[in-house]
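1. Next one to model:
(one chain, ligands or ions: 2)
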Amino acid sequence: MTYKDPDCIFCKIAAGEIPCAKVYESESCLAFLDIAPVHAGHALVLPKAHHPTLLDLPAELGSDLMQTLAKVGRAVMEATGADGLNLMQNNFEAAGQLVHHAHFHLVPRFEDDGLRLWPQTAYDDPEEMNGLAKKIADLVK
Ligand code: 5GP
Ligand code: ZN
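-> Ligands and ions are numbered 1, 2, ... in the order given. Coordinates of the predicted model:
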């Protein structure tokens, strides 16, 4: 039984209660076009069941989800004539998540389309980087 949140717009789309421009459906995942695309063909892939963020996704989804991302990604690139493809995924409001039903953005990209995703910085020294790597590694469960 797929868990549905009554206040969630993506649950309503997955249940067919709100229309979408659907491009693919697997046993556990759905893909449709984002209503406000970065470029035309920008697609969203999501588990049909309600899970708020990436951190809540059950491992059993993995194979179906990865296959769906690859299948839809290939089709988006072919349909739009894209030169590249970004997979983007936002978790929690601080990271730009607007819809709290975990989902993945497949964004077709074009040579010289001018999009710059994020600026990068540097660590002060290797010890800072290695110390943080150890802290994270110790917390991986
Ligand atoms: P987020 O910022 O949560 O990662 O992305 C949510 C995305 O869902 C946004 O890019 C937004 O344009 C898209 N979106 C929000 N509501 C709807 C809707 O009702 N239909 C469709 N197709 N996309 C939606
Ligand atoms: Zn939902």
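
2. My guess is Ala43 contacts Asp34. True?
-> Yes - counting by C-beta atoms under 8 Å, Ala43 does reach Asp34; the two are 6.7 Å apart. Quick note: C-beta positions are derived from backbone N, CA and C, even for glycine.

3. Check which helices and strands the helix or strand containing Leu44 sits against.
-> In this assignment (DSSP states H and E), Leu44 forms part of strand 43-47. Packing partners of strand 43-47 (3 or more C-beta pairs under 8 Å, 6 or more residues apart in numbering; DSSP states H and E): strand 29-33, helix 62-80, strand 104-109.

4. Adding mean pLDDT as columns, could you present these in JSON lines?
-> As requested, these are arranged in JSON lines below (pLDDT from 0 to 100):
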{"stretch": "strand 29-33", "mean pLDDT": "98"}
{"stretch": "helix 62-80", "mean pLDDT": "98"}
{"stretch": "strand 104-109", "mean pLDDT": "98"}
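
5. Quick one, which of these gets closest to Lys141.
-> Distances from Lys141 to each of those were compared using C-beta to C-beta; the minimum, 17.1 Å, belongs to helix 62-80.

6. Outside of that closest one itself, list whatever touches it.
-> Residues outside helix 62-80 that contact it (C-beta atoms under 8 Å, 6 or more residues apart in numbering) are 23-24, 26-29, 31, 39-43, 45, 47, 57, 82, 84-85, 87, 104, 106, 108.

7. How far off centre is that helix?
-> Helix 62-80 has its C-alpha centroid displaced from the chain centroid by 12 Å (C-alpha atoms, centre = their mean, to the nearest Å).

8. what do you get for stretch 27-39?
-> Its chain's C-alpha centre and that of stretch 27-39 lie 9 Å apart, by C-alpha atoms, centre = their mean.

9. what does stretch 88-100 give?
-> A distance of 9 Å separates the centroid of the chain from that of stretch 88-100, by C-alpha atoms, centre = their mean.
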